[in-house]
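Student: My questions are about this predicted structure, shown below with the sequence.
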Amino acid sequence: MHQPTTTITNIHKTAEEQVRNDLQIIRHKKLLSELSTWGIGGPCNYFVQLSNLTQLISAVRYCNEHSIRFIIVGKGSNCLFDDHGFDGCVILNQIRFLERVQPGVYRVGSGYAFNRLGVQCCNEGYSGLEFAAGIPGTVGGAAYMNAGANGQETADVIDSVEIVTVDGRLKTLNREELSFGYRKSPFQEMEDLAAVTAVTFRLIPSVSAKERQQTMLAKRKMSQPLAQRSAGSVFRNPLGFSAGDLIEKAGLKGFRVGGAKVSEIHANFFISSGNCTSRDMRELINLVKEKVNVKFGIQLKEEIRYVDACNSINCNIYDIP
Ligand SMILES: NC(=O)C1=CN([C@@H]2O[C@H](COP(=O)(O)OP(=O)(O)OC[C@H]3O[C@@H](n4cnc5c(N)ncnc54)[C@H](OP(=O)(O)O)[C@@H]3O)[C@@H](O)[C@H]2O)C=CC1
Ligand SMILES: C=C(O[C@H]1[C@H](O)[C@@H](CO)O[C@H](OP(=O)(O)OP(=O)(O)OC[C@H]2O[C@@H](n3ccc(=O)[nH]c3=O)[C@H](O)[C@@H]2O)[C@@H]1NC(C)=O)C(=O)O
């Protein structure tokens, strides 16, 4: 979540004004349920969708000048939005370029579909992003979460990451400056981060990449409920355990709260049906945590991210100017 600052950005004023005029900032009209794979979430106060860096800087600057907090949303495949919506600005990232810098080196806009990138790289004979096929997020989301599957993770093939800071500065961070962990990236704790804007991946040639990818995809299709509305794994795997295995052994497959249900196919995937609220999903998550803790003494930790409607409980989201 990004709090407003008062610092001014460094793009030229007239160009900035032009871009801002082109930006369509919508108020009170966008439902977050349309932006999340769970299909959950009320209205946001401000919404803007953008497709290039200049627009992004302009939107961040607009939020700062008007003291509006903002979030960056990619495909919404890892977020639980609130039924009450969000009292700030939701910036939908559609920065989608792909540049082949040299053989096996791809510089990609953060709004590019991670799934699509994974398929393209394998088709072109490069290894490292086989696991991305079937992952429903963006490149920015994947770097931010250090997405992974089948023994590979995003960080393994990152060469550098370009970001915009909350005061509108551009920075390129090289691999050596970045320290990643399991579902953990430095971006999650970077106080001055506004958004990841592009990622450069360095892959290695491999004639068998495509075949490996197809095997992984087939496994994913067998073991995950891809046809239903989910946010992928709800919990991180505790060290030495699989969250799905623990939830299944606690007898919770098919367990339901309102419109939220633990998948019968993979117990770490929680499914939302048409009438599911964020309250149902939160209650289900909390109950599953409690039951797994009682049975195994293990505290599950969320992989998904909660986006709260307001900064404080007493805030009414429609009071914001
Ligand atoms: N392995 C698997 O099978 C699956 C993996 N996933 C992973 O979950 C992640 C979700 O991606 P996506 O749907 O695009 O993300 P989301 O739109 O769900 O955003 C998730 C969070 O990531 C942050 N974020 C997203 N894009 C950016 C960006 N460009 N710059 C900075 N922060 C960003 C936002 O943080 P903030 O709120 O602070 O702005 C946001 O809260 C991916 O890593 C995806 O691979 C999801 C489902 C299945
Ligand atoms: C879906 C995500 O990533 C997934 C990724 O797709 C897969 C494939 O590599 O591996 C992780 O799942 P996972 O650890 O549950 O992997 P799986 O191979 O499905 O299951 C591991 C073990 O748990 C068992 N298992 C799984 C689900 C279940 O309901 N019951 C069960 O017993 C499986 O039989 C297997 O022995 C990632 N999840 C996490 C939290 O690390 C995501 O991050 O959103």
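Tutor: It's in. Ligands and ions are numbered 1, 2, ... in the order given.

Student: what helices or strands is the longest helix along the chain leaning on?
Tutor: Among the segments of the chain that qualify as a helix by DSSP state H, the longest is helix 278-296. In terms of contact count using 3 or more CB pairs under 8 Å, 6 or more residues apart in numbering; DSSP states H and E, helix 278-296 is assigned the packing partners strand 79-81, helix 243-249, strand 256-257, strand 260-262, strand 270-272. For glycine as for every other residue, the C-beta is placed from the backbone atoms N, C-alpha and C.

Student: how about it: buried residues?
Tutor: By neighbour count, with 16 or more other CB atoms under 10 Å as the criterion, the buried positions of helix 278-296 are S278, R279, D280, M281, R282, L284, I285, V288, K289, K291, V292.

Student: Now do the contacts for Y306.
Tutor: With contacts defined as CB atoms under 8 Å, 6 or more residues apart in numbering, Y306 is in contact with C79, L80, D82, R282.

Student: give me the beta-bridge partners of K171?
Tutor: Here K171 sits in beta bridges with I163, going by DSSP bridges.

Student: Neighbours of Q188, how many?
Tutor: Q188: 12 surrounding residues under other CB atoms under 10 Å.

Student: If you could redo that for D159, that was the one I meant.
Tutor: Close neighbours of D159, defined as other CB under 10 Å, add up to 15.

Student: Over to the one 10 residues further on?
Tutor: A count of nearby residues for R169, using other CB under 10 Å, gives 14.

Student: How about whichever residue of the stretch 51-200 of the chain sits closest to ligand 2, nearest residue that isn't a chain neighbour?
Tutor: Nearest to ligand 2 in the stretch 51-200 of the chain, going by CB to the nearest ligand atom, is A149, at a distance of 3.5 Å. By the measure of CB to CB, 6 or more residues apart in numbering, the closest residue to A149 outside its immediate chain neighbours is F131, 4.2 Å from it.

Student: Wait, a strand at that neighbour?
Tutor: No. Under DSSP: H, G, I helix; E, B strand; the rest coil, F131 falls outside any strand and is assigned helix.

Student: And the pLDDT at it?
Tutor: Among the per-residue scores, F131 shows a pLDDT of 97.

Student: Can you tell me how far the spatially most central residue of the chain is from ligand 1?
Tutor: Averaging the C-alpha coordinates of the chain gives a centre point, and the residue nearest to it by CA atoms, centre = their mean is G141 (3.8 Å). According to CB to the nearest ligand atom, to the nearest Å, G141 and ligand 1 sit 2 Å apart.

Student: got it, and R107?
Tutor: According to CB to the nearest ligand atom, R107 stands 14 Å off from ligand 1.

Student: Can you verify my assumption that that residue contacts T172?
Tutor: No. Counting by CB atoms under 8 Å, R107 stays clear of T172, with 10.5 Å between them.

Student: Give me the more crowded residue out of those two.
Tutor: Set side by side, R107 and T172 show unequal neighbour counts under other CB under 10 Å, the larger going to R107 at 16 against 12.

Student: So for that one, what's the pLDDT?
Tutor: pLDDT recorded at R107 is 98.

Student: How about the residues of the stretch 101-250 of the chain by ligand 2?
Tutor: Taking CB under 6 Å from any ligand atom, the part of the stretch 101-250 of the chain that reaches ligand 2 is made up of A149, N150, S223, G232, S233, R236, N237, S242, A243, G244, D245, E248.

Student: H28 versus the first one, what's the distance?
Tutor: Here the distance between A149 and H28 works out to 38 Å (CB to CB, to the nearest Å).

Student: Count the residues that sit near Y106.
Tutor: Number of residues near Y106 (other CB under 10 Å) recorded here: 25.

Student: going forward, begin numbering at 20 instead of 1
Tutor: In the new count, where the first residue is 20, that last one comes out as Y125.

Student: Now do the SS call for the closest residue to it other than its chain neighbours.
Tutor: With CB to CB, 6+ apart as the measure, F220 is the residue that lies nearest to Y125, at 5.0 Å, once sequence neighbours are left out. Judged by three-state DSSP, the three-state class of F220 is strand.

Student: can you tell me if stretch 135-149 touches ligand 1.
Tutor: No. Contact of stretch 135-149 with ligand 1 (CB under 6 Å from any ligand atom) is absent, the minimum separation being 9.9 Å.

Student: Surely the residue of the stretch 70-219 of the chain closest to ligand 2 touches A152?
Tutor: No. Assessed by CB under 8 Å, A168 is found out of contact with A152, at 9.2 Å.

Student: my read: A228 touches G144, true?
Tutor: Yes. A228 is within contact range of G144, at 6.4 Å (criterion: CB under 8 Å).

Student: These two: which is more packed in?
Tutor: More neighbours sit around A228 than around the other of A228 and G144, counting by other CB under 10 Å; the figures are 22 against 16.
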